[in-house]
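A.B. asks: got a sequence here, can you model it:
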Amino acid sequence: MARKVPEDKKREIELRDELERMLQDGIDDLQLNIDSARDILPAREGNFMDYEKVKTYADTKAENIVSSISEFYLSTEIINEIPYVKQKSVVDKITVSNLLFQMKTAEHAIIKLLEEIDNGNLHPRTFEVLASLQRSKMEIVKHLAQFMVIMENNYKSLKEDYRVKKADEPLLIDSSEVDDNPRAAHQVRGTKQMIEMLRDAIPEKRATSNPNDITIENLGEDVE
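C.D. replies: Residues are numbered from 1 along each chain as shown. Now for the predicted structure:
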């Protein structure tokens with residue numbers, strides 16, 4: 001014999017089934033409204049950033065900037081033969097590339113926030129973040145401009161340092177070029193020492209002339 005369901009329990013089951021039908025109808029109506037809205041409203045394309053492309057752009061731009069500055073102040077010989085100049089150029093390119101990449105990503109973030117504001121997000125915090133990002137971008141631009149000046153001064157100094165270094169390097173002079181009796185090569189530092197060595201290498205001039213009258217031009221005539 002089947003068990004009789006109490007009236008109150010039966011009523012509870014009917015209410016639950018009715019509630020489930022209402023929820024299901026509501027979900028179907030909501031989905032229908034969403035589909036209708038998609039058909040009415042224009043589709044909005046997402047503004048996504050291609051970070052690999054931005055990084056490649058930053059690296060290429062940094063390469064061109066640093067190469068242009070170094071080649072403007074230094075000769076190709078210095079750039080290709082001095083290891084310090086090569087390593088400095090590498091570090092400068094990394095620095096410029098990072099600054100350019102940060103500037104481009106800051107620009108992207110600012111654009112995204114502006115789009116949020118245009119779409120109705122008028123929360124005060126949104127404007128605070130936007131102002132902070134704009135200040136950060138201006139700081140990056142300022143750092144980039146300052147680093148450009150620093151690079152220019154550094155490469156100017158490198159040019160002068162290289163000239164001084166070359167002037168201080170020993171000058172090798174083979175005594176066979178100024179005497180009939182070949183001797184070992186001499187290292188000469190400075191013009192005064194070179195003149196003294198040439199005086200010793202030309203004894204006949206020293207014996208017949210006042211040493212004070214010997215000039216570089218006269219020595220050149222004797223050497224010839």
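A.B. asks: what's the strand or helix carrying residue 125 packed up against?
C.D. replies: In this structure, residue 125 sits in helix 124-168 according to DSSP states H and E. If you count contacts as 3 or more Cβ pairs under 8 Å, 6 or more residues apart in numbering; DSSP states H and E, helix 124-168 packs onto helix 51-73, helix 76-81, helix 83-118. (Glycine included, C-beta is placed from N, CA and C.)
A.B. asks: is it true that residue 147 touches residue 93?
C.D. replies: No. If you go by Cβ atoms under 8 Å, residue 147 and residue 93 don't touch, sitting 11.5 Å apart.
A.B. asks: between those two, which is the more surrounded one?
C.D. replies: residue 93 (19 against 15; other Cβ atoms under 10 Å).
A.B. asks: residues contacting the more buried one?
C.D. replies: 59, 62-63, 66 (Cβ atoms under 8 Å, 6 or more residues apart in numbering).
A.B. asks: kindly supply the PyMOL command isolating those of the residues you listed that are buried.
C.D. replies: To isolate in PyMOL the members of those that are buried, counting by 16 or more other Cβ atoms under 10 Å, one can use:
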select buried, resi 59+62+66
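A.B. asks: got the contacts of residue 93 as CSV, with pLDDT and distance to residue 133 columns?
C.D. replies: Conversion of the contacts of residue 93 to CSV gives the following (pLDDT from 0 to 100; distance: Cβ to Cβ, whole Å):
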residue, pLDDT, distance to residue 133
59, 96, 24
62, 96, 23
63, 95, 28
66, 95, 27
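A.B. asks: between the helices and strands packed on helix 124-168, which gets the lowest average pLDDT?
C.D. replies: Mean pLDDT is lowest for helix 76-81 among the helices and strands packed on helix 124-168, at a mean of 85.
A.B. asks: not counting that helix itself, show me its contacts.
C.D. replies: Against helix 76-81 from outside (Cβ under 8 Å, 6+ apart): 70-71, 85-86, 89, 158-159, 162.
A.B. asks: would you list the buried entries among these?
C.D. replies: Buried members of the contacts of helix 76-81, counted by 16+ other Cβ under 10 Å: 70, 85, 89, 158, 162.
A.B. asks: show me the domain layout of the protein.
C.D. replies: 51-168, 171-223 (automatic domain parsing).
A.B. asks: what about residue 154, how many residues nearby?
C.D. replies: Here the count is done by other Cβ under 10 Å, and residue 154 has 15 residues near it.
A.B. asks: quick one, what contacts it?
C.D. replies: Taking Cβ under 8 Å, 6+ apart, we find residue 154 in contact with residue 88.
A.B. asks: so for it, what's the pLDDT?
C.D. replies: If you check residue 154, the pLDDT there is 93.
A.B. asks: cool, and the one 4 residues further on?
C.D. replies: According to the model's per-residue confidence, residue 158 sits at a pLDDT of 89.
A.B. asks: same question, residue 203
C.D. replies: Looking at residue 203, its pLDDT is 55.
A.B. asks: what's the separation between residue 17 and residue 7?
C.D. replies: 16 Å (Cβ to Cβ, to the nearest Å).
A.B. asks: ok, residue 52 next?
C.D. replies: Residue 52 sits 70 Å away from residue 7, going by Cβ to Cβ.
A.B. asks: repeat that for residue 55.
C.D. replies: 73 Å.
A.B. asks: and those two? which has more neighbours close in?
C.D. replies: Just comparing residue 55 and residue 7: by other Cβ under 10 Å the higher neighbour count belongs to residue 55, 16 against 8.
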